[in-house]
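Asker: quick one: sequence plus predicted model below, questions after.
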Amino acid sequence: TAIGTIALGWRAISRGDVARHRALMLTSFALFATFLAAYLYRLIHVGTAAFSGPELVYSYVYLPFLAVHILLAIACVPFVFYALLLAATRPYEELYYTRHAQAGFVAAVLWLISFAMGIGVYLMLYHAF
């Protein structure tokens, strides 16, 4: 869902629909925050899931894939917060004179890749093996 809201938000701003872009990006952020809270709650109360696939896949596919997913998820946070901060503190007309678009672009790209990789991690962990 977050992948869809980010893609639609990107499309909305490219068409000049600021209100729709704002709503979709805030929805993306809310989905991200909700997922993170639910994931951390599960991690604290249930723990991690063991990878049940072959050791070679675990070492050379799953762990590197998981590491990149986590690093991208962490790397996007400052860009997301910066874009949100600019959007929350500046009138729309002033955003064109800030780094909002650049920070938002980087945040969206990192978010999209990280979210897609998160689905890959889930599939490897619970369905592929």
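Answerer: Perfect, I can see it now.

Asker: what is the helix or strand bottoming out on mean pLDDT in the chain packed up against?
Answerer: The helix or strand of the chain with the poorest confidence is helix 92-95; it has a mean of 90 (mean pLDDT, DSSP states H and E). Packing contacts for helix 92-95, counted by 3 or more CB pairs under 8 Å, 6 or more residues apart in numbering; DSSP states H and E, involve no helix or strand. The way it works is simple: take the backbone N, C-alpha and C, and place the C-beta from them, glycine included.

Asker: buried ones in the helix or strand where residue 36 lies?
Answerer: Element membership of residue 36, judged by DSSP states H and E, is helix 18-45. Residues of helix 18-45 classed as buried: 21, 24-25, 27-29, 31-32 (neighbour count, 16 or more other CB atoms under 10 Å).

Asker: what is it packed up against?
Answerer: helix 2-14, helix 63-89, helix 100-123.

Asker: now render these as a markdown table, adding mean neighbour count, distance to residue 53 and mean pLDDT.
Answerer: Below are these laid out as a markdown table (neighbours: other CB atoms under 10 Å; distance: least, CB to CB, whole Å; pLDDT from 0 to 100):
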| stretch | mean neighbour count | distance to residue 53 | mean pLDDT |
| --- | --- | --- | --- |
| helix 2-14 | 17 | 25 | 96 |
| helix 63-89 | 15 | 11 | 96 |
| helix 100-123 | 17 | 11 | 96 |
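
Asker: before I go, just wanted to say thanks for your time.
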